[in-house]
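**Q** here is my input; please provide its structure:
(chains A, B, C and D)
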Protein chains: 2
Amino acid sequence: MNTAGPRTRIQEKNRKAILDAGLDVFSQYGFRGATVDQIAEAAGLSKPNLLYYFATKDAVHAALLEGLLETWLDPLHALDPAGDPLAEVQAYVARKLALSRDYPRESRLFANEILQGAPRIEHALTGELKALVDEKAAVIAGWAAAGQIAPVDPYHLIFSIWAMTQHYADFEVQVSAVLGPAKDNAYPAAGDYLQSLFARLLAV
Amino acid sequence: MNTAGPRTRIQEKNRKAILDAGLDVFSQYGFRGATVDQIAEAAGLSKPNLLYYFATKDAVHAALLEGLLETWLDPLHALDPAGDPLAEVQAYVARKLALSRDYPRESRLFANEILQGAPRIEHALTGELKALVDEKAAVIAGWAAAGQIAPVDPYHLIFSIWAMTQHYADFEVQVSAVLGPAKDNAYPAAGDYLQSLFARLLAV
DNA sequence: GCTTGATTTGACCATTCGGTCAAAGCAACG
DNA sequence: CGTTGCTTTGACCGAATGGTCAAATCAAGC
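**A** A predicted model of the protein is given here:
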């Protein structure tokens, strides 16, 4: 009943409910600000029942973080050195923006973790994350050196993609407050803006 | 001994120490994740002593938020409709980036508040913030309509400035992890990158 | 040195926290 | 039916939480 696949249908259902509730609560209040009672209530379970499926509050949090970074980095992983440079970057931006649109809670969970100093995933940042970014930054630098895109700092290019796409999930209430209730979906316009931004930035 | 100016030198000193400690703790753990004991210890005071200066945990937090939004919006307020459009935007970006560099804890406090749904400043977002952004977005739209800058969605332009500049404060540990310990100061390169980004985006 | 008011603190309180446990409920299967 | 093992829960625990209070300490003016 642990990291391996759940045995029964009821286990699967309850574990999913707990993780979903935990995502709600952790992404809004952070690890320390979240309480087990809160998660249990959101999951429709009693606290001891929740702790029957996950031994500790930390275990719920860890299960959520596990795999999150991978999901988060998949779009960058897909950046193809053999593809058309501008199209590759734009596709990366589109995938990253779609992630913010479709998984805003996961984005905020990640943001919370980073804001708090990333105590539980720091090793992944300096290891897996840095390695991947180094690799793709070299690809982008190669494109620039070959004159296929305008010269650009590849690291800050990647940072800016992260920042702008994740902003729509992490700062959603601010975006909504500024755009007003009428514009209830900022993503189409955001996508257009970002596509043209990178087209102009990288045009040779 | 409240919102009015502190009476004595010792009050001034202790209130400052508490606010500084509160900034440390709240910006890292969020309101709910922060404890009064933690803040008191960071301020070098006993808990009852802290509560002698601020009646509640909430009062410390409120005192920190008060004025923060104003500081945060000052750079945008300074955007001059009569100035050179590109130079005005670039100056705004520079001021905003300097804010992240010089006040990263304030940036993270703000980020935490937004992440948690902005329960304490939502009215300011839909009021003061939206009004100012509407005003400046109209200015930028006017520049675009007059052909002084390339056509651009002014709201998403502003969002992107916020996102990219604040990213360096809010996601500092991630930026540091990726750039490695050697590049211990990302801000000069970030400034260069952002200046050229907006030069290219807005060039007619 | 004494007095007065500001400052500091140890002890304490009710509530909430994460977590435990034994017992009860329940489904499946012989 | 009865047994077996999975699931659920009420009651509970020690620690931490935000906050209180009366008493002690301290600084400054007389």
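**Q** any idea how far A:Tyr92 is from A:Ala199?
**A** According to C-beta to C-beta, to the nearest Å, A:Ala199 stands 13 Å off from A:Tyr92. For glycine as for every other residue, the C-beta is placed from the backbone atoms N, C-alpha and C.
**Q** burial measure for A:Lys183, as a count.
**A** 13 (other C-beta atoms under 10 Å in any protein chain shown).
**Q** just list the residues touching the residue nearest to it when sequence neighbours are not counted, thanks.
**A** Leaving out its chain neighbours, the residue that sits closest to A:Lys183 by C-beta to C-beta, 6 or more residues apart in numbering or on different chains is A:Ala189, at 7.8 Å. If you count contacts by C-beta atoms under 8 Å, 6 or more residues apart in numbering or on different chains, A:Ala189 has them with A:183, B:153, B:155-156.
**Q** buried among those residues? Make that a ChimeraX selection.
**A** Buried subset of these, written as a ChimeraX selection, criterion 16 or more other C-beta atoms under 10 Å in any protein chain shown:
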select /B:153,155,156
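**Q** of the contacts of A:Ala189, closest to B:Gln11?
**A** B:Tyr155 (43.5 Å; C-beta to C-beta).
**Q** name the helices or strands packed onto the helix or strand harbouring that closest one?
**A** Per DSSP states H and E, B:Tyr155 falls inside helix B:154-170. With contacts taken as 3 or more C-beta pairs under 8 Å, 6 or more residues apart in numbering or on different chains; DSSP states H and E, helix B:154-170 sits against helix A:104-115, helix A:154-170, helix A:172-179, helix A:187-202, helix B:85-102, helix B:104-115, helix B:130-145, helix B:187-202.
**Q** pLDDT (mean, whole number) over the lengthiest helix in chain A?
**A** For chain A, the longest helix by residue count, based on DSSP state H, is helix A:9-33. Mean pLDDT, helix A:9-33: 95.
**Q** what is whatever helix or strand comes next after that helix packed up against?
**A** Using DSSP H and E, the next helix or strand after helix A:9-33 towards the C-terminus is helix A:36-43. With contacts taken as 3+ C-beta pairs under 8 Å, 6+ apart, helix A:36-43 sits against helix A:9-33, helix A:47-53, helix A:57-65.
**Q** run through who's touching the shortest one.
**A** Right, the one you point to is helix A:47-53. A:1, A:11, A:14-15, A:18, A:36-37, A:39-40, A:43, A:60.
**Q** on that earlier part again, which one of A:Ala199 and A:Tyr92 has more residues nearby?
**A** Neighbour tally, A:Ala199 and A:Tyr92, criterion other C-beta under 10 Å: the higher count belongs to A:Tyr92, 21 against 15.
**Q** and that one, how far from chain B?
**A** Plainly put, A:Tyr92 is 16 Å away from chain B if you go by C-beta to the nearest C-beta, to the nearest Å.
**Q** please produce a ChimeraX select command covering the buried subset of the contacts of helix A:47-53.
**A** Here is the ChimeraX command that selects the buried residues among the contacts of helix A:47-53 (16+ other C-beta under 10 Å):
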select /A:14,15,18,36,39,40,43,60
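**Q** reformat the contacts of helix A:47-53 as a markdown table; add distance to B:Ala124.
**A** Formatted as a markdown table, these follow (distance: C-beta to C-beta, whole Å):
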| residue | distance to B:Ala124 |
| --- | --- |
| A:Met1 | 47 |
| A:Gln11 | 45 |
| A:Asn14 | 41 |
| A:Arg15 | 40 |
| A:Ile18 | 35 |
| A:Val36 | 33 |
| A:Asp37 | 31 |
| A:Ile39 | 30 |
| A:Ala40 | 34 |
| A:Ala43 | 33 |
| A:Val60 | 33 |
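**Q** any low-confidence regions in chain A?
**A** A:1-7 (pLDDT under 70).
**Q** how about the spatially most central residue of it: what's its closest non-neighbour residue?
**A** Residue closest to the mean C-alpha point of chain A, counted by C-alpha atoms, centre = their mean, is A:Ser107 at 3.9 Å. Spatial nearest neighbour of A:Ser107, chain neighbours left out: A:Ala169 (3.6 Å); criterion: C-beta to C-beta, 6+ apart.
**Q** then A:Leu179?
**A** Using C-beta to C-beta, 6+ apart, the closest residue to A:Leu179 is A:Ala186 (5.8 Å).
**Q** quick check: phi and psi at the one you found.
**A** Dihedral pair for A:Ala186: phi -80, psi -10, per degrees, to the nearest 10.
**Q** what about it, how many neighbours?
**A** If we define neighbours as other C-beta under 10 Å, then A:Ala186 has 19 of them.
**Q** show me the contacts for it.
**A** Here A:Ala186 is in contact with A:168, A:175-176, A:179, B:156 (C-beta under 8 Å, 6+ apart).
**Q** contact partners for A:Gln166?
**A** So A:Gln166 contacts A:96, A:100, A:107, A:110-111, B:163 (C-beta under 8 Å, 6+ apart).
**Q** distance check, it against A:Val60.
**A** Distance from A:Gln166 to A:Val60, by C-beta to C-beta: 23 Å.
**Q** before we move on, the earlier item: B:Val25 is nearest to which of the helices and strands packed on helix B:154-170?
**A** Here helix B:104-115 is closest among the helices and strands packed on helix B:154-170 (C-beta to C-beta), at 9.8 Å.
**Q** now the helix or strand following the closest one: buried residues?
**A** Remark: after helix B:104-115, the chain's next helix or strand is helix B:122-124, criterion DSSP H and E. Across helix B:122-124, burial judged by 16+ other C-beta under 10 Å covers B:122, B:124.
**Q** and what of stretch A:86-100?
**A** A:86, A:88-93, A:96-97, A:99-100.
**Q** so what does A:Asp84 have for phi and psi?
**A** Residue torsions, per degrees, to the nearest 10, at A:Asp84 are phi -70, psi 120.
**Q** same question for A:Gln116.
**A** The phi/psi pair for A:Gln116 (degrees, to the nearest 10) is phi -80, psi 10.
**Q** distance check, it against A:Thr56.
**A** 18 Å.
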